[in-house]
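Trainee: Build the 3D model from these lines:
(2 chains)
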Protein chains: 2
Amino acid sequence: MRVLITGVDGYLGWPLSLYLAARGHEVAGIDDYSRRAWVGEMGSQSAIPIAKMADRLLAYREHLGQNLRFYRGDLTDYNFVLNAYKSFQPEAIVFLGQMPSAPYSMLDVHHAVYTQTNNVMGALVTLFAMKEVVPDCHLVKLGTMGEYGTPDVDIPEGFFELEYRGRKDTMMFPRKAGSWYHQSKVHDTHNVEMACRLWGMRSTDIMQGVVYGTYIDEMGDDERLRTRFDFDQCFGTAINRFCAQAVIGLPLTPYGKGTQKRGFLALRDSMQCLGLAVENPPKAGECRVFNQFEEVYNVTELAERVQGVASGYGLDVAINPMENPRMESESHHYNPDHQHLLDLGYEPTRDMETELKQVFQDLIAHKDRIEARKEAQFPDIRWDGSRRKSDYL
Amino acid sequence: MRVLITGVDGYLGWPLSLYLAARGHEVAGIDDYSRRAWVGEMGSQSAIPIAKMADRLLAYREHLGQNLRFYRGDLTDYNFVLNAYKSFQPEAIVFLGQMPSAPYSMLDVHHAVYTQTNNVMGALVTLFAMKEVVPDCHLVKLGTMGEYGTPDVDIPEGFFELEYRGRKDTMMFPRKAGSWYHQSKVHDTHNVEMACRLWGMRSTDIMQGVVYGTYIDEMGDDERLRTRFDFDQCFGTAINRFCAQAVIGLPLTPYGKGTQKRGFLALRDSMQCLGLAVENPPKAGECRVFNQFEEVYNVTELAERVQGVASGYGLDVAINPMENPRMESESHHYNPDHQHLLDLGYEPTRDMETELKQVFQDLIAHKDRIEARKEAQFPDIRWDGSRRKSDYL
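Mentor: Numbering: from 1, shown residues only, chains lettered A, B, ... in the order given. Below you'll find the predicted structure:
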C-alpha cells in the first residue's frame, strides 16, 4: 500500500516509516523539522542522537531496499500538500505532523495560537487536498486520550449511543480537554468527522495514550535509524523525564499527588496499532475511533516502575513529588474502552519493564547529553499563564 | 457598565451599540469592516444603505449623547486587542466579530482556513487579552444553534447530565455542526469552556437562532443609524432572501424539501436577549449557555409567512423550491430547550408578521439596490466542494 506519513521526522513518524516499509508498504513522508526546532527552543535536545534527514534516508535505502519519498514543507501550505499528494497518490495518510505538547501550547498567547493554527489548519488543508486528489484515501489521524479529559463516567471509543429524554441517537462522546494543544486535537476531530459525514471520506482517529520506548526491531543496530527521546518539560512525557532523571541521579518528580491516571503503550505496540489501522481501512464515510493504550497507571505507580528498573542498573533514586504546574484532576475515575484494536488482532507484545530496560541501556550510553540539558526538564510553564519553577513538595 | 462589542459594524453589532447606550451603558466597539468586504466579494451589497463608520459615530453622538469608543483593527492581532482592552477596561465583551456565513466557509480551502483561523484565533486572542487586562470581565460570545446540528434527541442548553453505564457527570452536549463555519463556533465554544474551567473566566455562550428584522426603536428616523440587510447566497439568511425575492417579484426558493426546521427571533428580541446576558453576568468560572430563539419554523412555513406578508403589499409571489446546495438533514427531530433567557425575564415582544411588515417597508424603498445585485442571491456554492448554480425543482 502507498502510505504517506506526515511528521515523518518525529518520534513516532520515523519508526513508523521503517515498520511499514519492512511490512512491504511503499512509504512517503512530509516534514519541515519543526520538532527539532521546538525542542531546541526549549533549550533541549534528543537524548538519543538522531541523524539528519539525508542520512536517515540513506540508511533507510540501505536497510529497507527502497527509497522513502520525502517532501520537505509546511502542512498548512495547501499548494505544497496538494502537489505532494498528486505526486505520491497515497492510499493511506498517517497524520502525525502536529505540535504535540500541552505545556508548549500553554506558554503564552503566541504559542497557543501557533499550536491551534498549525494543528487544526494543517489537518483541514489535508482534508481538502485528499478530497481533491485522493478522495478514497484513508486518513489515520493521531488524536490523544487527553481529548476526553477525565469525566466521571466511562469513556467509549469516540462515539456512543446517547439516550436522552426517551429518545436515542449515536453521538460523538463529549470531549473535555485540558490544554490548548489538547483542544486543537478536539477541533480537528470535529473537522474530520464532518469531512467523513459530508464528503464520504474515511478516517481512523487514534486516541493514543502515552507512548514510551526507544526501539523497534526494524532499527537493527544502525544508529542512523534511531528515533528521538525528549526529556524537556514540553516534549518529554512524565515517563521520559523519570528515566532521564534516574540516569543522572536526580529524584523522580511526579507532579502533585501523582494520582493522575493515564493509559500507556510501548513504541513497538504503537507501531503495531498504527499498522493495523492502515491495513484495515474503514469504509467510505466512516469515521472510526480507536482508543489506543494498553495499561493504565497513575503517575506515582509509573515513577515506582521506573525506580525499580533503574535500581537494576545500580541507579538508586528517590521519588520526590513536585508542585503541579498544570491544572488537572489529580483524583478521578478513569475507565476508557479499548476494544476496537484488539478486535483487529492487536497483540500487546511487551510489558513495561522489558521496554524500560531498553530505554535505560540507551540513555545510560548518552548520559552526557541529558546532563548537558538537565535544566530543561524542570517545569516552569504553569497552566495559570505565569512562568515560575515548581518546587519540590 | 462598560461594554465592548467586537464586530460593531455588523448586522447585530451596530444596533446592539445603540440599544446598550440607550440603556445607559458606556459602549466601545472594534471592527475592521470585514463584513462589508465579504459581501462585496460575493458581488452584493446591503439592501438598506448603511452609513460609513465616521457618519455612524457622528449620528451616535447626536442621538445618544455619548461617544462610541471605536477601535479599528484585526481581532487576531494580540497587541491591538490587548491595547484596546487596556484603554477601555471593558466589564463585558460581546464577541460578534466573526465570519458568520456557512456557504462562504464552504467555498474552497482558502475560505475554510480563513474562517476557522479568523473565528477561532480571534476568540482565543480575546481570552488571553481578557485574562491579562480584565480577568473579571464577562465574555458574551455569539454561538449558533447550528453548532448542535440536528440530533435525533432533544437539545439542552449547552450542558446536560450524562448518565452512562450507571455513572453520571455533567458534560457538554455533543456538537454536530454542518459547515466549516459552524465548526469554527464549535471550536471556540470548546476553547471558551476551557478558559472558564482553568482560568476562572466568566462567559455566556449565546446559541442564537436565525435573527431577522431591520429595525429597533433606538434607530429613530436617522438613516445613519440603520443596520445592514444582506440577501446574497452567503450572508443573506433564507428569510432575508425570501423577502428580497418577493420585493423584486421572483419566486421564493426554499432549498430542497423545505422541511428543515430552525429557530428564529426578531432583531429587537436579539437585542433584548444580549442585553439581559450583559446585565446579568455569570459568576467567575461559570460557562453559561443560552439557546436563543423564539419560534421554530421549517423553511417552507417560513416562505409561506413571507408570501402572506408580501401579498399585503401587492406583491404576489410563488414559492418555487430550488435544488439544495447544502448537505443537511431535510426531515429531522428538532426540540431544543430555550428556558434560561426566559428565567432572566426575557419577554418576546413581537410576532414574525409585525416584524416582516417593517422589513417589507424598508426593502420596497430600496428595491433598486436589490434589483442591481439580484444575481448574488442564487446559490452556486455547493457542500460537495463544487460550484454550480442550483436549478428550480
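Trainee: quick one, strands of chain A?
Mentor: A:2-6, A:26-31, A:69-72, A:92-95, A:138-144, A:159-164, A:167-172, A:202-208, A:210-212, A:261-266, A:287-292, A:295-298 (DSSP state E).
Trainee: any chance of these in JSON lines, with mean neighbour count too?
Mentor: (Each C-beta comes from the backbone N, C-alpha and C, glycine too.) As requested, the strands of chain A are exported to JSON lines (neighbours: other CB atoms under 10 Å in any protein chain shown):
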{"stretch": "strand A:2-6", "mean neighbour count": "25"}
{"stretch": "strand A:26-31", "mean neighbour count": "25"}
{"stretch": "strand A:69-72", "mean neighbour count": "17"}
{"stretch": "strand A:92-95", "mean neighbour count": "27"}
{"stretch": "strand A:138-144", "mean neighbour count": "25"}
{"stretch": "strand A:159-164", "mean neighbour count": "17"}
{"stretch": "strand A:167-172", "mean neighbour count": "15"}
{"stretch": "strand A:202-208", "mean neighbour count": "25"}
{"stretch": "strand A:210-212", "mean neighbour count": "21"}
{"stretch": "strand A:261-266", "mean neighbour count": "22"}
{"stretch": "strand A:287-292", "mean neighbour count": "24"}
{"stretch": "strand A:295-298", "mean neighbour count": "18"}
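Trainee: mind checking which of these is nearest B:Val140?
Mentor: Closest approach to B:Val140 among the strands of chain A is made by strand A:167-172 (26.3 Å; CB to CB).
Trainee: Check which helices and strands the closest one is in contact with.
Mentor: Strand A:167-172 is packed against strand A:159-164, helix A:180-199, with contacts defined by 3 or more CB pairs under 8 Å, 6 or more residues apart in numbering or on different chains; DSSP states H and E.
Trainee: so where's the stretch 1-150 of chain A uncertain?
Mentor: Judged against pLDDT under 70, the stretch 1-150 of chain A has no low-scoring part.
Trainee: Spell out which parts of it neighbour chain B.
Mentor: By the rule CB under 8 Å from any CB of the partner chain, the part of the stretch 1-150 of chain A lying against chain B is A:76, A:78, A:108-110, A:112-113, A:116-117, A:120-121, A:124-125, A:128-129, A:131.
Trainee: Report the buried members of those.
Mentor: A:76, A:78, A:109, A:112-113, A:116-117, A:120-121, A:124-125, A:128-129, A:131 (16 or more other CB atoms under 10 Å in any protein chain shown).
Trainee: could you dump those residues to JSON lines with distance to B:Gly209?
Mentor: Shown next, in JSON lines, are these (distance: CB to CB, whole Å):
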{"residue": "A:Thr76", "distance to B:Gly209": "34"}
{"residue": "A:Tyr78", "distance to B:Gly209": "34"}
{"residue": "A:Val109", "distance to B:Gly209": "32"}
{"residue": "A:Ala112", "distance to B:Gly209": "31"}
{"residue": "A:Val113", "distance to B:Gly209": "31"}
{"residue": "A:Gln116", "distance to B:Gly209": "28"}
{"residue": "A:Thr117", "distance to B:Gly209": "30"}
{"residue": "A:Val120", "distance to B:Gly209": "27"}
{"residue": "A:Met121", "distance to B:Gly209": "29"}
{"residue": "A:Leu124", "distance to B:Gly209": "27"}
{"residue": "A:Val125", "distance to B:Gly209": "32"}
{"residue": "A:Phe128", "distance to B:Gly209": "30"}
{"residue": "A:Ala129", "distance to B:Gly209": "35"}
{"residue": "A:Lys131", "distance to B:Gly209": "31"}
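Trainee: which of the residues you listed sit farthest apart?
Mentor: Maximum pairwise distance among those (CB to CB): 32.2 Å, between A:Val109 and A:Lys131.
Trainee: tell me how far the ends of stretch A:255-271 are from each other?
Mentor: 29 Å (CA to CA, to the nearest Å).
Trainee: no no, stretch A:317-333
Mentor: Taking CA to CA, stretch A:317-333 runs 30 Å from one end to the other.
Trainee: Show the average pLDDT along that stretch.
Mentor: Stretch A:317-333 carries an average pLDDT of 94.
Trainee: Could you confirm whether any residue of that stretch contacts chain B?
Mentor: Yes - Stretch A:317-333 comes into contact with chain B (CB under 8 Å from any CB), by way of A:Met327, A:His333.
Trainee: What are the buried residues along that stretch?
Mentor: So stretch A:317-333, judged by 16+ other CB under 10 Å, has buried residues A:Val317, A:Ile319, A:Pro321, A:Met322, A:Asn324, A:Pro325, A:Arg326, A:Glu328, A:Glu330.
Trainee: Make TSV out of those and add distance to A:Glu347.
Mentor: TSV is the format used below for the buried residues of stretch A:317-333 (distance: CB to CB, whole Å):
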residue	distance to A:Glu347
A:Val317	33
A:Ile319	32
A:Pro321	35
A:Met322	37
A:Asn324	36
A:Pro325	37
A:Arg326	34
A:Glu328	32
A:Glu330	33
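Trainee: of the residues you listed, closest to B:Asn240?
Mentor: Among those, and counting by CB to CB, the member closest to B:Asn240 is A:Glu328, at 46.1 Å.
Trainee: Run a quick check on the closest one versus A:Gly178, I expect a contact.
Mentor: Yes - with contact defined as CB atoms under 8 Å, A:Glu328 reaches A:Gly178; the gap is 5.6 Å.
Trainee: ok, the residue of chain A positioned farthest from its centre to B:Lys176 distance?
Mentor: The centre of chain A is farthest from one residue, A:Gly166, which by CA atoms, centre = their mean lies 39.2 Å away. The gap separating A:Gly166 from B:Lys176 is 20 Å, by CB to CB, to the nearest Å.
Trainee: same deal with A:Asn298?
Mentor: A:Asn298 sits at a distance of 34 Å from B:Lys176 (criterion: CB to CB).
Trainee: Enumerate the residues of the stretch 251-393 of chain A near chain B.
Mentor: A:Met327, A:His333, A:Trp383, A:Asp384, A:Gly385.
Trainee: dump the residue contacts of the third one.
Mentor: Taking CB atoms under 8 Å, 6 or more residues apart in numbering or on different chains, we find A:Trp383 in contact with A:Met106, A:Ser179, A:Pro325, A:Arg326, A:Met327, A:Glu328, B:Leu198.
Trainee: export those to JSON lines and tack on distance to B:Gly65?
Mentor: Formatted as JSON lines, the contacts of A:Trp383 follow (distance: CB to CB, whole Å):
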{"residue": "A:Met106", "distance to B:Gly65": "45"}
{"residue": "A:Ser179", "distance to B:Gly65": "47"}
{"residue": "A:Pro325", "distance to B:Gly65": "50"}
{"residue": "A:Arg326", "distance to B:Gly65": "50"}
{"residue": "A:Met327", "distance to B:Gly65": "45"}
{"residue": "A:Glu328", "distance to B:Gly65": "50"}
{"residue": "B:Leu198", "distance to B:Gly65": "41"}
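Trainee: and stretch A:23-43, how far apart are its ends?
Mentor: Counting by CA to CA, the terminal residues of stretch A:23-43 are separated by 37 Å.
Trainee: sorry, back to before: tell me which two of the residues of the stretch 1-150 of chain A next to chain B sit farthest apart.
Mentor: A:Asp108 and A:Lys131 (34.8 Å).
Trainee: quick one on the thing from earlier: I'd like to know which of the strands of chain A lies nearest to B:Lys367.
Mentor: Among these, strand A:167-172 comes nearest to B:Lys367, with 45.0 Å by CB to CB.
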